[in-house]
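>>> pasting the sequence and the predicted coordinates here, then a few questions.
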Amino acid sequence: MKAQKVDDVKFEIEKEHRDLKFDILKKEGGLFLSLSNLFFKSDQKWYEIPLDKLEKIEVVQKDPPKLEFRIPSMKITVMGGYAEKLLALRHLLLPYVKHEGDEEEPLLAILKLWGLGIQNINTISDLLGLKYSEVKNYIEDAENDGLIKDGEITEKAKRVLKDDGDYMKALGA
Amino acid sequence: MVNKNGGLARKMAALGKLTKLESAINAAIESSKVPEYETRKLLKARNSNQAKNTAVFQFIRNLFSKIGLGILYLEEKENFRLILVNEDNKVKDMYPDVKGKKTCYIVADALSDFFSEDLNIPADVKEVECINAGDEVCKFEVDLQPLAVYKIALDEIDDKIIGHVVKDDNLDEISDYLELPEEEVKYRIDILKSYHILGSDMSLTKIGQTYHKYGQSVVDEISEQKEPPWKTMSEISQVIADSDSLAEAISSSVSNEEEEIESSEVVNLASEAEKSKSFAQLVSKQLKKDED
């Protein structure tokens, strides 16, 4: 796996569970970015944060900036390096943070099937391994968000799905 | 949804561009303090048409364009809320592998910093629509802190008008006492009504009573402060250009350092956290057992 260096930083790794906090690791080393991970390298050891596990990236101190990355049950605080670079990294990664209620992927899969004419809730739930009620809720959400209207996926939905070339081809677009 | 075939090079290039923007935003906000009497005109504007013609809004528009964040269009203006559309938003193009999600956090944060630091109005700004999320435009909602708005929007004359209203003086009397044309007094009273300081029957509302009791001293305090100079756009442009050179130097300081990572050398923090969670659960169960 390839990773590119962002900056030299200081970092602290703190495990936490409810009120219990333990194992604070303080290190200095390189901050690296790969396609789907953030890495810290110190003493030839690599520490990996998968981007899809990120729950929060906060600026906990403005000047000099201190960033806090949160994944389930763990907090990683990063400081040092160039301020602008740290802040830019936060802005680069914020869209990858999984917000509560983020359910794009099943929703997008449902939209794709819907656009291809597969609109039976039982069939969709079988195909995607979701409960009947979950599929029903996603469809209601899609209708409320203007992604499905009058039984068809809307232009807004097509814009969301446009990067998936095969799907658009199947749709005849 | 994140398409992982986006490419590391593209991601690093986006990081470089964002670093330049951060640098330009810092430099621009540092040198763009706006005098309160100009901000007041924006706050007192009764609708988006009036507001977009104020010098402050034109300044914001120019500033964000010079920084390279896009061209802002004011869609709605309420007392404590603005809706801005970013036309020609360059930021959204920095996330080609992100679809179905909002991406333009840097624009929202820059707006929040500008309102808080340069206009002295703490503001919560969020992107409410984004082209990358499938919307038609990138749209930002700016929620202004009401107390700060009151402090700046109302001036000494407004305070005097409130004082006369408390004494039950009518429009003619206020106009005579303050030696102001009746039309101006009427215009100011309408603004006080729109800010819910005065009710439709010209009485002081609860907000008005609180403001009359506690707010005015703060206004006096603020107006005594020396107002900072409002720098010309050419000076600010120079500051932004200088910041660009600095950002270039920062970006190149560690560029091209690429490493191949062996999976055997990697500690996955997410998996470690899961293990520690089980350990913590075990400890708390044991503690509970001991207590019983």
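Yep, that arrived.
>>> please make it C-alpha for all contacts and neighbour counts, starting now.
OK.
>>> how much space between the residue in chain A sticking out farthest from the centre and A:Ile124?
Distance from the centre of chain A peaks at A:Asp150, with 31.0 Å (Cα atoms, centre = their mean). For A:Asp150, the distance to A:Ile124 (Cα to Cα, to the nearest Å) stands at 18 Å.
>>> check A:Glu16 too.
The spacing between A:Glu16 and A:Ile124, counted by Cα to Cα, is 39 Å.
>>> list the buried residues for the strand or helix carrying A:Lys5?
Using DSSP states H and E, A:Lys5 falls within strand A:2-17. For strand A:2-17, burial by neighbour count (16 or more other Cα atoms under 10 Å in any protein chain shown) applies to A:3-17.
>>> so who does A:Val59 touch?
A:Val59 sits next to A:Pro65, A:Lys66, A:Leu67, A:Glu68 when contact means Cα atoms under 8 Å, 6 or more residues apart in numbering or on different chains.
>>> take those and write them to CSV, including distance to B:Tyr150.
Formatted as CSV, the contacts of A:Val59 follow (distance: Cα to Cα, whole Å):
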residue, distance to B:Tyr150
A:Pro65, 32
A:Lys66, 33
A:Leu67, 34
A:Glu68, 34
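>>> which pLDDT value goes with residue 104?
Answering for chain A, as no chain was given. pLDDT for A:Glu104: 53.
>>> hmm, no, I was thinking of chain B.
Per-residue pLDDT puts B:Cys104 at 96.
>>> can you give me the strands in chain A?
A:2-17, A:20-33, A:37-42, A:45-50, A:56-61, A:66-71, A:74-79, A:148-149, A:152-153 (DSSP state E).
>>> likewise the stretch 1-150 of chain B?
Residue ranges of the strands in the stretch 1-150 of chain B, as given by DSSP state E, counting those that start in this stretch, are B:71-77, B:81-87, B:123-129, B:138-144.
>>> of the ones you listed, flag the one that's most buried.
Ranked by average neighbour count under the criterion mean count of other Cα atoms under 10 Å in any protein chain shown, the strands of the stretch 1-150 of chain B are headed by strand B:138-144 at a mean of 23.
>>> next one: that one to chain centre, how far?
8 Å (Cα atoms, centre = their mean, to the nearest Å).
>>> that one pairs with which strands?
If you go by DSSP bridges, strand B:138-144 pairs up with strand B:81-87 (antiparallel), strand B:123-129 (antiparallel).
>>> and the first one, C-alpha only, in PDB?
Below are the C-alpha coordinates for strand B:81-87, written out as PDB (Å, rounded to 0.1, in the frame of the first residue of the first chain):
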ATOM      1  CA  ARG B  81     -30.000  34.600   9.100                       C
ATOM      2  CA  LEU B  82     -28.500  34.900   5.600                       C
ATOM      3  CA  ILE B  83     -28.700  32.400   2.800                       C
ATOM      4  CA  LEU B  84     -25.800  32.600   0.400                       C
ATOM      5  CA  VAL B  85     -25.300  30.700  -2.900                       C
ATOM      6  CA  ASN B  86     -21.800  30.100  -4.000                       C
ATOM      7  CA  GLU B  87     -21.700  30.600  -7.800                       C
END
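>>> contacting residues around that strand?
Contacts of strand B:81-87 (Cα under 8 Å, 6+ apart): B:70-77, B:137-144.
>>> on contacts alone, who are the packing partners of the helix or strand that contains B:Glu184?
Using DSSP H and E, B:Glu184 maps to helix B:182-194. Helices and strands touching helix B:182-194, by 3 or more Cα pairs under 8 Å, 6 or more residues apart in numbering or on different chains; DSSP states H and E, are helix B:156-166, helix B:171-178.
>>> turn the ones you listed into TSV, including mean pLDDT, distance to chain A and mean neighbour count.
Below are those laid out as TSV (pLDDT from 0 to 100; distance: least, Cα to the nearest Cα, whole Å; neighbours: other Cα atoms under 10 Å in any protein chain shown):
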stretch	mean pLDDT	distance to chain A	mean neighbour count
helix B:156-166	90	35	17
helix B:171-178	92	46	15
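>>> can you put these in JSON lines and add distance to A:Leu128?
Compiled in JSON lines, the helices and strands packed on helix B:182-194 are given as follows (distance: least, Cα to Cα, whole Å):
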{"stretch": "helix B:156-166", "distance to A:Leu128": "63"}
{"stretch": "helix B:171-178", "distance to A:Leu128": "70"}
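>>> any weak-confidence spans in the chain?
Since no chain was named, I'll use chain A. For chain A, applying pLDDT under 70 flags the ranges A:17-23, A:99-105, A:162-173.
>>> oops, wrong one, chain B.
Counting by pLDDT under 70, the low-confidence segments of chain B come to B:1-6, B:215-234, B:244-256, B:274-292.
>>> centre-most residue in it?
Centrality entry for chain B: nearest residue to the mean C-alpha point is B:Ser112, 2.3 Å, by Cα atoms, centre = their mean.
>>> spit out the contact partners of that one.
B:Pro122, B:Ala123, B:Asp124, B:Val125, B:Val142.
>>> is it true that the fourth one touches B:Gln145?
No. Counting by Cα atoms under 8 Å, B:Gln145 is not a contact partner of B:Val125; they are 11.0 Å apart.
>>> anything in contact with each of those two?
Counting by Cα under 8 Å, 6+ apart, B:Val125 and B:Gln145 have no common neighbour.
>>> run through who's touching stretch B:98-109.
The contact list for stretch B:98-109 (Cα under 8 Å, 6+ apart) reads A:91, A:94-95, A:104, A:160-161, A:163, B:1-3, B:69, B:91-92, B:95, B:125-127, B:129-134, B:138, B:140.
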